[in-house]
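Student: Test case, fold it:
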Amino acid sequence: MSERCGWCGSEEIYVNYHDTEWGVPEYESRALWEKLILDGFQAGLSWITILKKRDAFREAFDGFDPNIIAGWGEPEVLRLLDNPGIVRHRGKIEATIGNARAWQKIEQQQGFDKFLWTYFDGKPLQNQWTKLAEVPAFTPLSTQISKDLKKAGFRFCGPTIVYAFAQACGLINDHLVTCPCHAEVAAMAR
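Tutor: Okay, here's the model as predicted:
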C-alpha cells in the first residue's frame, strides 16, 4: 500500500508542499538560492514555520532577487528586523545579504545551478528508503557542498541545512519508496 512520507503530517499546507514541491528537481539558479536561504532561516525551527511565512519572506526580500539583496545594508536589516511576518534574526538576515553577494560571484563564474548540479552529475540522486528512520540528516556529500559554499562566502549552510535543501530541491529524491511521489519525482529527472 502506498502512502505519502510521514514527516508531512496532515496539515493542508504541509501535505500540499510535500505533494507538489518537495523533491521536485529545481534547475533555476534564483529559485535554488531562495530555497537555500529559506532552509538557512529554518535552522533551529520547524520547516512548517518557514512554509507558513514564505509569502511574507518573499515580499520582505523583494522576491528573493539576489541581485537586489546584494546591494542591501543596515537600513534594510533594520527594516527586516521590524517585520513580524518573517523570522527576525539579525545573523540570518545579514547572512542572506552576504549570501546574495556570494551567489552573484558563483552565478557569474559558472551559474549557481551548474555549481550545485555538478555535485550530482546533473541528475538527482535516487535514494530507496523504506522508512523515515533510514534517511540521514547529512551525508559526506552534503558536508562537502557545505564546505564549498562556505569557502565561496555563504553562511547558514551547514551539512544538515544543505542536505535538507538538496532534498527539497530534488537534487536528492528522498521520498520513501512507499510514497506515490517517489516515482513521480524520479520521472522528472533530466
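
Student: hey, C-alpha coordinates of the lengthiest helix in the chain in PDB?
Tutor: The helix of greatest length in the chain, counted in residues with DSSP state H as the criterion, is given as helix 90-109. Output of helix 90-109 as PDB, limited to C-alpha atoms (Å, rounded to 0.1, in the frame of the first residue of the first chain):
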ATOM      1  CA  ARG A  90      19.900  39.600  12.600                       C
ATOM      2  CA  GLY A  91      22.500  36.900  11.900                       C
ATOM      3  CA  LYS A  92      20.300  35.200   9.300                       C
ATOM      4  CA  ILE A  93      19.300  38.400   7.700                       C
ATOM      5  CA  GLU A  94      22.900  39.600   7.400                       C
ATOM      6  CA  ALA A  95      23.900  36.200   6.100                       C
ATOM      7  CA  THR A  96      21.200  36.500   3.400                       C
ATOM      8  CA  ILE A  97      22.800  39.700   2.200                       C
ATOM      9  CA  GLY A  98      26.200  38.200   2.100                       C
ATOM     10  CA  ASN A  99      24.900  35.000   0.500                       C
ATOM     11  CA  ALA A 100      23.400  37.200  -2.300                       C
ATOM     12  CA  ARG A 101      26.800  38.600  -3.000                       C
ATOM     13  CA  ALA A 102      28.300  35.100  -2.900                       C
ATOM     14  CA  TRP A 103      25.600  33.900  -5.200                       C
ATOM     15  CA  GLN A 104      26.400  36.700  -7.700                       C
ATOM     16  CA  LYS A 105      30.100  35.500  -7.900                       C
ATOM     17  CA  ILE A 106      29.200  31.900  -8.500                       C
ATOM     18  CA  GLU A 107      26.400  32.800 -10.900                       C
ATOM     19  CA  GLN A 108      28.800  34.900 -12.900                       C
ATOM     20  CA  GLN A 109      31.600  32.300 -12.900                       C
END
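
Student: Pull the residues that contact that helix.
Tutor: When contacts are defined by C-beta atoms under 8 Å, 6 or more residues apart in numbering, helix 90-109 is touched by residues 29, 33, 36-37, 40-41, 43, 61, 66-70, 72-73, 76-77, 80-81, 112, 115, 149, 152-157. Bear in mind the C-beta positions are built from the backbone N, C-alpha and C, glycine included.

Student: Repeat that for stretch 63-83.
Tutor: Contacts to stretch 63-83, defined as C-beta under 8 Å, 6+ apart, come from residues 30, 33-34, 37, 56-58, 60-62, 86, 88, 90, 93-94, 96-97, 99-101, 103-104, 107.
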